[in-house]
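[1] Give me a 3D structure for the following:
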Amino acid sequence: MKISAIEFVALSAPLGTAKPYGMSKSLATGRQSTVVRMTLENGIVGYGEAWGMPAFNRGYEAFLVNYLVGIDVFDIEHAYSRILARHYHFGVQGPMMACISGIDIAAKDAMGKLLGLPVCKLIGGQRVDSVPIYASGGYVTETPAEDFRPQIETMAEAGYPSVKIKIGLGPDSDEERVAIAREILGDEVELLVDINSNYTYDLALESMERLAPYRIGWVEEPLSPADFSGYGRLRARARLPIATGEALYTVFDFKTLVDAGGVDILQPDLSLCGGFWQGRKIAELAHANHLRLSPHVWGGAIGLAAGIHFIASLSVFPHSENIPKPTLLEYDLGANPLRTELLAEPILVENGRVSVPEGPGLGIEVDEEALLRYAAA
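    Predicted coordinates for the structure are as follows:
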């Protein structure tokens, strides 16, 4: 079945009356994404999501469409390889790979609809009907002294079994925020922290040493994504697990990180790393090196649905029925209309889990009116 059209829809959703929120490096005043709409020659439409600034992604639209329109959708991964081989001077770290990611998610959605199968069955088989999440919140704001504790109290009231908070403003601040979170959440909740690559090696090590008594599940992005050797040095000395990978592209970046011995939990973002095409390769890399994996999700509803199908398809080897640390899906709690309004039926958490959407493809129905409402000029 041939691809007849690929269209990029740039989306922008200002936060309006919601306070800016974010991480150690910056705050967000809105959310944006690029939705990929792929149409097959029989009229079936698949949807995907590409990470990054839509204006950059739109610059690659005509270039990629020229390669992909007219080919059989089931052969599309060979076309990606041809693009990378012919245009290797472009590299893989950047908007072109984010665009390919969104296209690949859309292609798998279209394939599933064509065959009447969910995406998870196409990429490895469906192991579970629902996947566990961790609640991503505890954001940095302009007034952290006022806003941090209420964020944690809201997560505690919701009863999330795993919670991630933002740190990275300095070791003193890290310990203060973690102490507050642990006090409110109690000892049974798994507490994860995210530095967002704001530290040098010495600061990361100091922070991790100070946080060790608080039973931290992982420390995310303690260093710059480019510092592969630094991750290796840090992991050799740190007493806490290290998670990273949201800013890495393709299995080649992840292999460099793994070869450096710098990571415990791999965190590919399917809307950036190469879609399901590269996500499967990264999962196999984790499998071959006995490492955990947890996909990063901080975009819209389509990327969230992709992450659910990805996890549902993964092997739990070397575990069997007893899975001490299940693969977790990131569920962002920040104000984000592109997560809450883009689908006819939003993806919701129930008892710390989200159901694998039923139906063919990604199992979601995109609200075309919402697409128009948030379409950027």
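[2] How is this structure partitioned into domains?
    3-117+369-374, 121-367 (automatic domain parsing).
[3] first to last residue in the first one, what's the distance?
    The distance separating the two terminal residues of domain 3-117+369-374, taken as Cα to Cα, to the nearest Å, comes to 26 Å.
[4] about what we covered before: got CSV for the domains of the chain, with mean pLDDT and mean neighbour count too?
    Where C-beta positions appear, they are placed from N, C-alpha and C, glycine not excepted. Shown next, in CSV, are the domains of the chain (pLDDT from 0 to 100; neighbours: other Cβ atoms under 10 Å):
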stretch, mean pLDDT, mean neighbour count
domain 3-117+369-374, 96, 19
domain 121-367, 97, 20
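[5] now the helices for the stretch 1-150 of the chain?
    54-68, 76-86, 95-115, 119-122, 144-158 (DSSP state H, counting those that start in this stretch).
[6] Now render these as a markdown table, adding distance to Val258.
    Shown next, in a markdown table, are those (distance: least, Cβ to Cβ, whole Å):
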| stretch | distance to Val258 |
| --- | --- |
| helix 54-68 | 28 |
| helix 76-86 | 20 |
| helix 95-115 | 19 |
| helix 119-122 | 25 |
| helix 144-158 | 32 |
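[7] what about the ones you listed, which gets the closest to Gly245?
    helix 95-115 (13.8 Å; Cβ to Cβ).
[8] Just list the residues touching the closest residue in space to Gly262 that isn't next to it in sequence, thanks.
    The spatially closest residue to Gly262, leaving aside those adjacent along the chain, is Tyr231, at 2.6 Å (Cβ to Cβ, 6 or more residues apart in numbering). For Tyr231, the contact set (Cβ atoms under 8 Å, 6 or more residues apart in numbering) comprises Pro222, Leu223, Ile242, Thr244, Leu257, Ala260, Gly261, Gly262, Val263.
[9] Okay, and which of those residues map to helices?
    Leu257 (DSSP state H).
[10] Now do the phi/psi pair for the residue nearest to Gly262.
    Main-chain torsions, Tyr231, degrees, to the nearest 10: phi -60, psi -40.
[11] Distance check, it against Glu350.
    Remark: distance between Tyr231 and Glu350 (Cβ to Cβ, to the nearest Å) = 36 Å.
[12] before we move on, the earlier item: ok, the residue nearest to Gly262 to Val92 distance?
    19 Å.
[13] what does Pro357 give?
    30 Å.
[14] swap in Ala135?
    Counting by Cβ to Cβ - Ala135 and Val92 are separated by 31 Å.
[15] so what's Ala305 up against?
    Ala305 makes contacts with Leu343, Ile347, Pro357, Leu362, Gly363, Ile364, as judged by Cβ under 8 Å, 6+ apart.
[16] is it true that the second one lies in a strand?
    No - secondary structure assignment (DSSP: H, G, I helix; E, B strand; the rest coil) places Ile347 in coil, not in a strand.
[17] How much space separates it from Pro150?
    Distance from Ile347 to Pro150, by Cβ to Cβ: 24 Å.
[18] I'd like to know how far the residue lying farthest from the centre of the chain sits from Lys113.
    Each residue of the chain has a distance to the centre, and by Cα atoms, centre = their mean the biggest one is for Asn42: 31.2 Å. Separation of Asn42 from Lys113 (Cβ to Cβ) stands at 10 Å.
[19] With Leu272 instead?
    24 Å.
[20] go on, Trp218?
    36 Å.
[21] go on, Ala55?
    30 Å.
[22] CA atoms only: put stretch 69-79 into PDB for me.
    What follows is stretch 69-79, C-alpha atoms only, in PDB (Å, rounded to 0.1, in the frame of the first residue of the first chain):
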ATOM      1  CA  VAL A  69       5.600   9.700  -1.100                       C
ATOM      2  CA  GLY A  70       4.900   6.900  -3.600                       C
ATOM      3  CA  ILE A  71       6.700   4.100  -1.700                       C
ATOM      4  CA  ASP A  72       5.000   1.200   0.000                       C
ATOM      5  CA  VAL A  73       4.400   2.100   3.600                       C
ATOM      6  CA  PHE A  74       5.700  -1.300   4.700                       C
ATOM      7  CA  ASP A  75       9.000  -0.600   3.100                       C
ATOM      8  CA  ILE A  76       9.500   2.800   4.700                       C
ATOM      9  CA  GLU A  77      12.300   1.900   7.000                       C
ATOM     10  CA  HIS A  78      14.500   1.100   4.000                       C
ATOM     11  CA  ALA A  79      13.800   4.600   2.800                       C
END
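[23] starting at the chain centroid, how far to that stretch?
    25 Å (Cα atoms, centre = their mean, to the nearest Å).
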